[in-house]
Structures are given as C-alpha cells and as structure tokens.
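> can't give you the sequence, but here's the structure:
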C-alpha cells in the first residue's frame, strides 16, 4: 500500500507536466482582439477612448494611452493591462462590467508572454532561395 501511495503522486505529477508542456501555440492578435472586442472596446475604441487607450486595433493597443504603454512584451506581470484586469491596480477593468474570466485573462497573458504577436504564430516568413544572384 505504501508503494501505491508513492506511485500515485508521481503519476499525477507526470500528467501535470505533460499537460502543461502540451500547451497550444501562443495566441495572436486575432484571439486577443476577439476578447477586447467583446469586453473592452465599448470604452476603449476610436470613439471616446478612455485615457486615450484604444484596444480596437493592434497598433493602438501597442501604443498605449495618455499615461503610456499598458503592455510590456514578454512580461505580463509588468503590464498595467493585466494588473487592471486582475484588480491588482485600480480601478479594476472593465470598469462598468463584470470582470474578465480567468480563461480570458490567461489568453491575454500568454499573448503578452509570447511577445505580442500580431499574426498567427505558425506563419513562417517567406524564405529567399540561396541561389539568387545579387547584382551590384
């Protein structure tokens, strides 16, 4: 019976590591934009953007608002947007609505950690053949 107890935690732990290691590709702007469109752009869009922060386009989200950038590529915890969504900074966002779900916040966190990719992370940039001659 003692062996069984030792085996179960090892098995559970191995399953957790496998599940965590098998995460999907990081989300791109399309995935994050869908959340922003559903939950944020009613206040943070071209028409009446609170504090100048627009979340209705990739370029505007990256630019930030009148108080500066709210996204720190690669560092979700340093991103003011995440602090506001979690309620770590006030006021919590969205201000006049229910908070985002943990799953929605996690998508945005993964996007920030991935470096704020605009396009599908699986897109491979065009490759130039090595045998192209270069004229001078």
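Right, received. Where do you want to start? On a predicted model such as this, the values are computed, not experimentally measured, just so you know. Numbers count the residues shown, from 1 in each chain.
> just confirm residue 70 contacts residue 51, I think it does.
No. Under the criterion of C-beta atoms under 8 Å, residue 70 makes no contact with residue 51, lying 9.4 Å away. Using the backbone N, CA and C atoms, a C-beta is placed for each residue, glycine as well.
> more neighbours, the two?
residue 70 (21 against 12; other C-beta atoms under 10 Å).
> and that one, that's in a strand?
No. Going by DSSP: H, G, I helix; E, B strand; the rest coil, the assignment for residue 70 is coil, not a strand.
> need the pLDDT of residue 24.
Note for residue 24: predicted pLDDT of 78.
> for it, give its distance to residue 107.
For residue 24, the distance to residue 107 equals 10 Å [C-beta to C-beta, to the nearest Å].
> same check, this time on residue 88
Distance, residue 88 to residue 107, by C-beta to C-beta: 18 Å.
> residue 35 - how many residues pack around it?
When neighbours are counted by other C-beta under 10 Å, residue 35 comes out with 20.
> scratch that, residue 102
So residue 102, with other C-beta under 10 Å, has 9 neighbours.
> remind me which helix or strand the closest residue to residue 89 other than its chain neighbours belongs to.
Closest residue to residue 89 apart from its sequence neighbours, by C-beta to C-beta, 6 or more residues apart in numbering: residue 83 at 3.9 Å. Residue 83 belongs to helix 80-86 when assigned by DSSP states H and E.
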